[in-house]
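Trainee: sharing a sequence plus its predicted fold:
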Amino acid sequence: MAADSDDLRDRLVLAAARHAAAEGWVPAAIRAGAAEIGIDEAEARRLLRGGPRELFRAFSDWADARMAEAHEAGGARDPRLSGRVESAVLARLDALEPYRESVRRGVAFAGLPQNAALGLACHCRTVDRIWRAAGDRSHDFSFYTKRALLAGVLAATALVWLDDRSEGGDVTRAFLRRRLADVLRIQKLRAGAERLSRRLSEPLRPPAGLRRRRSPLF
């Protein structure tokens, strides 16, 4: 029964997302989606209790799930980290292709002051899922820097994708590769700076046997 309810919710989310292209991310899109799949408004409100905001969140999660599935079937075995990240980002954009205009309206929706926190939360969750799909399991400081850098890349790439009419999305793909190369370059420079800092500070440390231990005050 729960599986049937989840399937019905997914159908409503996608139908309503299609109508968001014309209606915007508003209750009217949910009502139109409900009518399309043959359920009444009361059932639609039960499935999406948070209204348009819940629709936005659910649609983002749907795109993330499709990204993970497609990436696992295709680009997960790329030996290059940049290649795996690129594959995951492009897999998500491919999933969103039929909803391009809905995504455009979604950018405006997430830009409203009352929706800014929701948009940021969805974006950060997507970035984390992309890194994890690419095989990143870091838990040190690089966990945060990688995600902060990719967040900017993903946002910029999405804006390019929205207006990309090139054959096979070549403009988006080329833009993404350049930005990912910049991110990896920054990561390498940072790692090199950390190694250099450790080497330069090493001679300043006294030998282990000469280091004085602090005595307790009492």
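Mentor: Nice, thanks for sending it over.
Trainee: check contacts around the residue nearest to the spatial centre of the chain.
Mentor: Nearest to the mean C-alpha position of the chain, by CA atoms, centre = their mean, lies residue 126 at 2.1 Å. With contact set as CB atoms under 8 Å, 6 or more residues apart in numbering, residue 126 has these partners: 60, 63-64, 92, 154. C-beta: built from backbone N, CA, C; applies to glycine.
Trainee: 6 Å instead, please
Mentor: Contacts here follow CB atoms under 6 Å, 6 or more residues apart in numbering; on that basis residue 126 touches residue 64.
Trainee: buried residues in whatever helix or strand it lives in?
Mentor: With secondary structure defined by DSSP states H and E, residue 126 is part of helix 116-133. Using 16 or more other CB atoms under 10 Å as the burial criterion, the residues of helix 116-133 that qualify are 118-119, 122-123, 126-131, 133.
Trainee: which of those sits closest to residue 185?
Mentor: Distance from residue 185 was checked for each of those by CB to CB. The minimum falls on residue 131, at 17.4 Å.
Trainee: which residues touch that closest one?
Mentor: When contacts are counted by CB under 6 Å, 6+ apart, residue 131 is found next to no other residue.
Trainee: for stretch 12-21, the averaged confidence score.
Mentor: On average, the pLDDT along stretch 12-21 is 98.
Trainee: grab the nearest non-local neighbour of residue 84.
Mentor: If the residues on either side of it in the chain are set aside, residue 84 comes closest to residue 134, at 3.9 Å by CB to CB, 6 or more residues apart in numbering.
Trainee: surely that neighbour touches residue 86?
Mentor: No - the pair residue 134 / residue 86 is not scored as a contact, 8.9 Å apart, by CB atoms under 6 Å.
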